[in-house]
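Asks: what's the 3D shape of this:
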Amino acid sequence: MDGRKWNIRGTHHCKTPFVVYLIECITHKKQYVGSTKCMQTRWLSGHKQDCLKKRAIASGLAKHYSEVHHDSLKCLEITIIDSVNSEDRLKNCEDFWMVNLGTLNSETGLNTRDEVKS
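Replies: Purely as a prediction, here's the structure:
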C-alpha cells in the first residue's frame, strides 16, 4: 500500500503447501496477511465464516468486515504471495510479510500485533 512493488517468486496453486497469502479489501485498500499449511484445507472457509457471522474477535480481517461490509465478501481479493519448504519456517515468513507490507498499521492493514510471533 506504500507504492512498492513486490515480485512473487515461484509458482503457487491450490496444492502448494506452507503458503503465505494476502487478502485485500479492494474497497478500502486494506490488507491482511495470513498463512496455512495447505491451501486445500478449510482455511478460507474459516475466514469467510468469521466475517459473515461477525466474529470480530477472530482477526482484524473479520473485525473489518463485521463493522464495514456486513454481509458481502465480494470485495475480497486473495493472492498467494510466498511459500516455504517447512512448517517451521512458515510463521517467520508470514511475519516478514506483515511487517514489510505494513499490515500491522491500522491505517492500511488488518493484522493485529498478537498475530506476530514473539
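
Asks: OK, contacts around L22?
Replies: 31-33, 78-79, 81, 97, 101 (Cβ atoms under 8 Å, 6 or more residues apart in numbering). Glycine gets a C-beta too; all of them are placed from N, C-alpha and C.

Asks: hmm, which of those residues is lowest in pLDDT?
Replies: Among these, I78 has the lowest pLDDT, at 85.

Asks: what about the longest helix in the chain?
Replies: helix 87-101 (DSSP state H).

Asks: any idea how far that one is from the chain center?
Replies: Distance of helix 87-101 from the chain centroid (Cα atoms, centre = their mean, to the nearest Å) equals 11 Å.

Asks: enumerate every residue touching the one residue sitting closest to the centre of the chain.
Replies: What sits nearest the mean C-alpha location of the chain, by Cα atoms, centre = their mean, is V33, with 2.8 Å. By Cβ under 8 Å, 6+ apart, the residues touching V33 are 20-23, 81, 94, 97-98, 101, 103, 111.
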